[in-house]
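Visitor: Any chance you could fold what I've pasted below:
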Amino acid sequence: MIGPLARPNLTPASNTVKGPGRTRGAGAQLIEPIKKTRIAEEVADRIRMLILDGTFPPGRPLPSERLLRERFAVSRGSIRDALRMLELIGLLETRHGQGTFPRELTVDRLVAPLASVMTYRHDLRDELLDVRRMFEPAVARAAAARASDEDFADLQRILDTQRRKLKTGGSTIVEDTAFHAALARSTRNRVIVSIMAILNDLLVESRALALKQKGRPERSIEGHEAVVAALRCRDAEAAARAMSRHIDQIADLQTHSSAHTADPAKK
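Guide: Predicted coordinates:
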């Protein structure tokens, strides 16, 4: 049963009016203009939670706008605004003549809009590198303690294929991505695996461009081999340092490439 949205209590906590030197209490915070957009946002958040917990499953239309309005005790406009918000972020789709349906939640569906934005936002690419600097050395550190013989075999197979493709002039983007995914799996942490999958999806286009740079594929393999060497020694700090150096090298190459693109005279 969907209950109505909670309404704030407008009764002041005290009849005493506080002076200007005193801290504002909860009552003072309540007596402020109410933003109508908050209602739509709260409705959207409630519907999102109902989608996530399976109350509104994919393949089955949402209740009608009229029923949602009655259940949430809000205006029809707020319901429409909430549905529009959820449709914009890819959680809902409208099928003509059938209704509004929750969409299957997949990494691709969540990541694709952000990846598209990052194609044109170079500042976001730089910030993504910052995320990698924070996250991936910690992944390597954990992998050093948890990787199994099977994990080492997977990583070595990826490196061997990467080397072989490099010698024949083939693209190594698949192996570059697979290496980081395999490293994440070796931590035995499903959240890390999911986060790495998101990062890998966001990096597909930038990797494809970067690996075309002169010397970049060789640097990538050398970075991966240094990480694996530290993992085999079970040296967590050395593995983290190797990963940090690997990402720093990528950043340096990316900066160098951007500088040449910005200044045609350097080409």
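
Visitor: Now do the helices in the stretch 101-250 of the chain.
Guide: Assigned by DSSP state H, counting those that start in this stretch, the stretch 101-250 of the chain shows helices spanning 107-118, 122-146, 149-168, 173-185, 190-210, 216-232, 236-262.

Visitor: any chance of these in CSV, with distance to residue 51 too?
Guide: Backbone N, C-alpha and C define where each C-beta goes, glycine included. Below are these laid out as CSV (distance: least, C-beta to C-beta, whole Å):
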stretch, distance to residue 51
helix 107-118, 13
helix 122-146, 27
helix 149-168, 35
helix 173-185, 27
helix 190-210, 18
helix 216-232, 39
helix 236-262, 36
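
Visitor: which one of these is the most hemmed in?
Guide: Neighbour counts (mean count of other C-beta atoms under 10 Å) averaged over each of the helices of the stretch 101-250 of the chain peak at helix 173-185, with a mean of 22.

Visitor: what does that one contact?
Guide: Residues from elsewhere that reach helix 173-185, judged by C-beta atoms under 8 Å, 6 or more residues apart in numbering: 136, 139-140, 143, 151, 154-155, 158-159, 161-162, 165, 192-193, 195-197, 199-200, 203-204, 207-208, 211, 220, 224, 227.

Visitor: go again using 6 Å as the cut-off
Guide: The contact list for helix 173-185, computed with C-beta atoms under 6 Å, 6 or more residues apart in numbering, reads 139, 143, 154-155, 158, 161-162, 192-193, 196, 200, 207-208, 211, 220, 224.

Visitor: and the residue nearest the centre of the chain, how far is that from residue 62?
Guide: Nearest to the geometric centre of the chain sits residue 198, at 5.4 Å (C-alpha atoms, centre = their mean). Going from residue 198 to residue 62 by C-beta to C-beta, to the nearest Å gives 27 Å.

Visitor: likewise residue 101?
Guide: 7 Å.

Visitor: Can I get the strand or helix carrying residue 69 as CSV, trimmed to CA atoms?
Guide: Assigned by DSSP states H and E, residue 69 belongs to helix 65-72. The C-alpha coordinates for helix 65-72 follow below in CSV (Å, rounded to 0.1, in the frame of the first residue of the first chain):
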residue,chain,number,x,y,z
GLU,A,65,-1.6,9.0,-12.8
ARG,A,66,-4.9,9.3,-11.1
LEU,A,67,-4.2,6.4,-8.8
LEU,A,68,-0.7,7.6,-8.0
ARG,A,69,-2.1,11.1,-7.3
GLU,A,70,-4.6,9.6,-4.8
ARG,A,71,-2.1,7.3,-3.2
PHE,A,72,0.6,9.9,-2.7
